[in-house]
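Engineer: Below are the sequence and a predicted model; questions follow.
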Amino acid sequence: MTRTAEFPLPLTESARAVFHRIVEVGQATRPMLSSALEFSKPTMSAAILELSNLGLVHPTGTTQGATGRTATLYGLGHEVGYVIGVDAGVTQVRAIAQTLDGTILAEVDKLLPPAGRLTSDTGKAVQTVLQELRQFEGNPRRPLRAISLAVPVIVSENHPELASGLDEIKASIGDSAGAEIVLENNVNCAAIAEMDLGAARGRPSFAFLQIGVNIGLGLVHEGRLLRGANGAAGEVTRLPFPFAPLSRPRRRGLEDHISSLSLMERVGADWTDKTPAPDNARDLFRLAEEGVPSALRHVERHARDIGLVAASVVAICDPGLIVLGGGVGQNGILVPIIEELIADLAWPTEVITTELPVRGTVLGASQLAMRRAVKMLTGDEHLRRAG
């Protein structure tokens, strides 16, 4: 029998450790938990009873061990609830509802009219996907613990004027039913997803470099997201460009040059093959993989431009690893050229492509929501590492 609880809970240290372990692995038996946490049987029994009484864990079935004995499996209880992660982009809003052990309840997405920035359409789409996902709360209803929104702007508590369009997004949330609300930059969310679920698992420090219609950088140092004094760390769009004696840098000039839109303009203006010029980056990289000379020439030139950005990141942050993402960055053909240029201008640094090319940002937002939910439930900051 569970009782209504006030959060955060005054859990014992052993109960908190058991709860975190079940969040990490999904479900486990008492012997499994005792072995992993080095708890005695009485300590484990007391912790499971404490969590069960609060509705935070419950039996999910049984399993048979090597000796033939059956043991009860425990998973997260109904009172733990669920979270929602939202990728509130400028072309699409994608959202996912998950329990705290990572089980996906539902996913929805909405395409948006092209705008290039956050608009009222983005806010309306966020409102729609949140309403759709909340239909999966179940009966009895699971409590919604946290909503995390990844947004393509700087998220700064000190200087909210650095962002534009956030008011529309905040207003779209509506009644959050007591859920914690988390806002974070979209590239930072993608970096968190790579750390927890993707190509940077097990790497304490790395940089996530997004190259596509827009560019961005997420930095992780010693297992923690580096946000900076104003929440603006990694805003590579503000790097001076062009940077030469006879040139005057302009605001966002680097992004204007290196975006996929500018890339395709250059391709269209300088295509020398009989094969028709591609009209999008995906087809350009396909033709380059097939060995079409003009495609290879433009891809190699673009790789060198990206390499200059990457070399700047290495020189400043020495991340040890750069994960490339975004519609352009995810193409493996770029990697050897970028690695060579970084080694020439700075020092050898590993470069790899994302393992989460489509869902990285929304999964990162959901990871943030899970962390906030765990803290809400236990009062303990717990960085979930998923395998």
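Structural biologist: Arrived safely.
Engineer: Do a quick rundown of the strands in the stretch 1-150 of the chain.
Structural biologist: Under the criterion DSSP state E, counting those that start in this stretch, the stretch 1-150 of the chain contains strands at 27-29, 57-64, 70-76, 82-88, 92-99, 104-111, 144-151.
Engineer: partners of the shortest one, with directions?
Structural biologist: Think strand 27-29. The sheet places strand 27-29 alongside strand 70-76 (antiparallel), with pairing taken from DSSP bridges.
Engineer: What are the buried residues along the partner strand?
Structural biologist: Burial within strand 70-76, assessed by neighbour count using 16 or more other CB atoms under 10 Å, is assigned to Leu73, Tyr74, Gly75, Leu76. Heads up, the C-betas are built off the backbone N, CA and C, glycines and all.
Engineer: With stretch 121-139 instead?
Structural biologist: Here stretch 121-139 shows Thr122, Gly123, Ala125, Val126, Gln127, Val129, Leu130, Leu133, Arg134, Glu137 as buried, counting by 16+ other CB under 10 Å.
Engineer: ok, now stretch 363-381?
Structural biologist: With burial defined by 16+ other CB under 10 Å, the residues of stretch 363-381 counted as buried are 363-378.
Engineer: Please flag which of these sit within strands.
Structural biologist: Among the buried residues of stretch 363-381, none falls in strands (DSSP state E).
Engineer: just curious, which of those residues is nearest to Ser45?
Structural biologist: Thr378 (19.7 Å; CB to CB).
Engineer: what sits against the closest one?
Structural biologist: Shown in contact with Thr378 (CB atoms under 8 Å, 6 or more residues apart in numbering): Pro8, Leu9, Leu11, Arg16, Phe19, His20.
Engineer: how close does it sit to Leu149?
Structural biologist: 23 Å (CB to CB, to the nearest Å).
Engineer: Asn53 now?
Structural biologist: When Asn53 is compared with Leu149 (using CB to CB), they lie 34 Å apart.
Engineer: More neighbours: which of those two?
Structural biologist: Leu149 (28 against 15; other CB atoms under 10 Å).
Engineer: Across the sheet, point out what pairs with that one.
Structural biologist: Counting by DSSP bridges, Leu149 is bridged to Val86, Leu183.
Engineer: Which pLDDT does the model give it?
Structural biologist: As predicted, Leu149 sits at a pLDDT of 95.
Engineer: so Val328 touches Ser260, yeah?
Structural biologist: Yes. With contact defined as CB atoms under 8 Å, Val328 and Ser260 form a contacting pair (5.2 Å).
Engineer: and for the two, which residues touch both?
Structural biologist: Shared contacts of Val328 and Ser260, counting by CB under 8 Å, 6+ apart, come down to Ile211, Gly212, Ala281.
Engineer: What residues does Glu194 make contact with?
Structural biologist: Counted by CB under 8 Å, 6+ apart, Glu194 has contacts Ala200, Arg201, Phe206, Phe208, Val323, Gly325, Thr354, Glu355, Leu356, Gly360, Gly364.
Engineer: hmm, try it at 6 Å
Structural biologist: Ala200, Phe208, Val323 (CB atoms under 6 Å, 6 or more residues apart in numbering).
Engineer: May I see the buried residues of stretch 43-53?
Structural biologist: Buried residues in stretch 43-53 (16+ other CB under 10 Å): Thr43, Met44, Ala46, Ala47, Ile48, Glu50, Leu51, Ser52.
Engineer: Closest one of those to Val187?
Structural biologist: Leu51 (36.3 Å).
Engineer: ok, now which ones touch Ala150?
Structural biologist: Neighbouring residues of Ala150 by CB under 6 Å, 6+ apart: Asp87, Glu184, Asn186, Cys189, Thr361, Ala365.
Engineer: Roughly how far does the nearest residue to the last one once chain neighbours are set aside sit from Ala193?
Structural biologist: Read it as Ala365. Excluding its sequence neighbours, the residue lying closest to Ala365 (CB to CB, 6 or more residues apart in numbering) is Gly85, at 3.5 Å. The gap separating Gly85 from Ala193 is 9 Å, by CB to CB.
Engineer: Could you do Pro59 as well?
Structural biologist: In terms of CB to CB, Pro59 sits 31 Å off from Ala193.
Engineer: Looking at these two, which one has more neighbours?
Structural biologist: A count of neighbours by other CB under 10 Å puts Ala193 above the other of Pro59 and Ala193, at 31 against 13.
Engineer: Now do that one, the pLDDT please.
Structural biologist: Confidence at Ala193, expressed as pLDDT, is 97.
Engineer: Report the contact partners of it.
Structural biologist: Neighbours of Ala193 in contact, by CB under 6 Å, 6+ apart: Leu356, Gly360, Leu363, Gly364.
Engineer: Out of the residues you listed, which comes closest to Asp167?
Structural biologist: Using CB to CB, those come closest to Asp167 at Gly364, 23.0 Å.
Engineer: rewinding a little: distance to Glu300 for the strands of the stretch 1-150 of the chain - can I get that in a markdown table?
Structural biologist: Below are those laid out as a markdown table (distance: least, CB to CB, whole Å):
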| stretch | distance to Glu300 |
| --- | --- |
| strand 27-29 | 49 |
| strand 57-64 | 53 |
| strand 70-76 | 50 |
| strand 82-88 | 31 |
| strand 92-99 | 30 |
| strand 104-111 | 33 |
| strand 144-151 | 32 |
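Engineer: just these: most buried one?
Structural biologist: Among the strands of the stretch 1-150 of the chain, strand 82-88 has the highest mean neighbour count (mean count of other CB atoms under 10 Å), at a mean of 29.
Engineer: Please state the offset of that one from the chain centre?
Structural biologist: 11 Å (CA atoms, centre = their mean, to the nearest Å).
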